[in-house]
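Trainee: Turn this into a structure:
(one chain, ligands or ions: 1)
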Amino acid sequence: MSRVAIVTGAARGIGAATAFQFASEGAAVAVLDLDESACASVVERIRSSGGTAVAHGCDVADEAQVDAAIDKVAAELGSVDVLVNNAGVLRDNLLHKMSVSDWDIVMNVHLRGAFLCSKAAQRHMVRMRSGKIVNTSSVSALGNWGQANYAAAKAGIQGFTRTLAMELGPFGINVNAVAPGFIVTEMTDATAARVGLSSEEMQARAAEITPLRRVGQPSDIAQVVAFLASDAASFITGQTIYVDGGRRL
Ligand SMILES: NC(=O)c1ccc[n+]([C@@H]2O[C@H](COP(=O)([O-])OP(=O)(O)OC[C@H]3O[C@@H](n4cnc5c(N)ncnc54)[C@H](O)[C@@H]3O)[C@@H](O)[C@H]2O)c1
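Mentor: The predicted structure follows:
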């Protein structure tokens, strides 16, 4: 029986690439995002290449929606083997200009979202005595100008990952995180627009300060997520793998 992977925030960007990666490895994929219709093209592409995919609209910060979506996936696809907590938002601003709602939404999507999804998924994984959870941190966890909310959330993800690894390890569940550097997605395009640069200018600047002299593509992250979710990584848990071209060395 093929594995079942749930990827949150998978309608586009890194989440979509992760969904494609799992599908290419034969997993049945549940594509979760705020708006179910936004997931259609990802699901269609997986199905048209012979894979299995379902879409569910789900706000990861809403407990009832998360529980319903994850239980539905387990019922329709048969299990929950892999959870990738990828959904994310930015609300960048300097501290003195950051609104309370900018703080709250970033905490809610990244931290509350990863908490709710992991709590719902582990119910199925503990029963099976196996599972893989991959969380999404960021190089911003080490601190980044204008991102007090996001840096705190992404650093929080690392502590959350280590703690879940301790608690769920005895049940055969591995919990790890990836910490992407600059990856070309709509998220980084929006950041470029916000600071008055074209996407290409922003990417060139990021590449210049990256030892590998390039920016990342969503597939750079998807492949590491797939590795962490694979049997090849079965003795790795509680780790955060920086996938950033050496950006923070
Ligand atoms: N792009 C980068 O350079 C970069 C770097 C480090 C970390 N990350 C992290 O990687 C993840 C994916 O980022 P991306 O660049 O693909 O971003 P993106 O903006 O392209 O995609 C994020 C997806 O998450 C979804 N989403 C937002 N809020 C949600 C919610 N409440 N419930 C469900 N889905 C929600 C969005 O609709 C979107 O489809 C995020 O956690 C982000 O913080 C990205």
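Trainee: The nearest residue to Leu197 once chain neighbours are set aside: helix or strand, and which one exactly?
Mentor: Using CB to CB, 6 or more residues apart in numbering and skipping residues adjacent in sequence, the residue nearest Leu197 is Arg205, 7.5 Å away. For glycine as for every other residue, the C-beta is placed from the backbone atoms N, C-alpha and C. Arg205 is part of helix 199-208 when elements are defined by DSSP states H and E.
Trainee: Equivalent analysis for Ile241, please.
Mentor: Here Ile241 is assigned to strand 240-243, by DSSP H and E.
Trainee: Could you list the buried residues of the following helix or strand past the helix holding Arg205?
Mentor: Once helix 199-208 ends, the next helix or strand along the chain (criterion: DSSP H and E) is helix 218-228. Buried residues in helix 218-228, counted by 16 or more other CB atoms under 10 Å: 218, 220-222, 224-228.
Trainee: I'd like to know which elements the helix holding Arg205 is packed against.
Mentor: helix 186-194 (3 or more CB pairs under 8 Å, 6 or more residues apart in numbering; DSSP states H and E).
Trainee: Packing partners of the helix it packs on?
Mentor: Other helices and strands packing on helix 186-194, by 3+ CB pairs under 8 Å, 6+ apart, are helix 199-208.
Trainee: So what's the gap between the helix it packs on and the chain middle?
Mentor: 23 Å (CA atoms, centre = their mean, to the nearest Å).
Trainee: what angle sits between it and helix 186-194?
Mentor: Interaxial angle, helix 199-208 versus helix 186-194 (axes from the mean of the first three to the mean of the last three CA atoms, to 10 degrees): 110 degrees.
Trainee: And the contacts of helix 199-208?
Mentor: 181-182, 184, 188-189, 191-193, 195, 197, 213-215, 247 (CB atoms under 8 Å, 6 or more residues apart in numbering).
Trainee: Residue ranges in the protein under the pLDDT threshold?
Mentor: Within the chain, the segments meeting pLDDT under 70 span 1.
Trainee: For it, which residues are neighbours of the ligand?
Mentor: 8-9, 11-15, 33-34, 58-61, 86-89, 109, 113, 136, 138, 180, 182-183, 185-188 (CB under 6 Å from any ligand atom).
Trainee: so when I look at Ala177, I'm seeing a strand, right?
Mentor: Yes: according to DSSP: H, G, I helix; E, B strand; the rest coil, Ala177 belongs to a strand.
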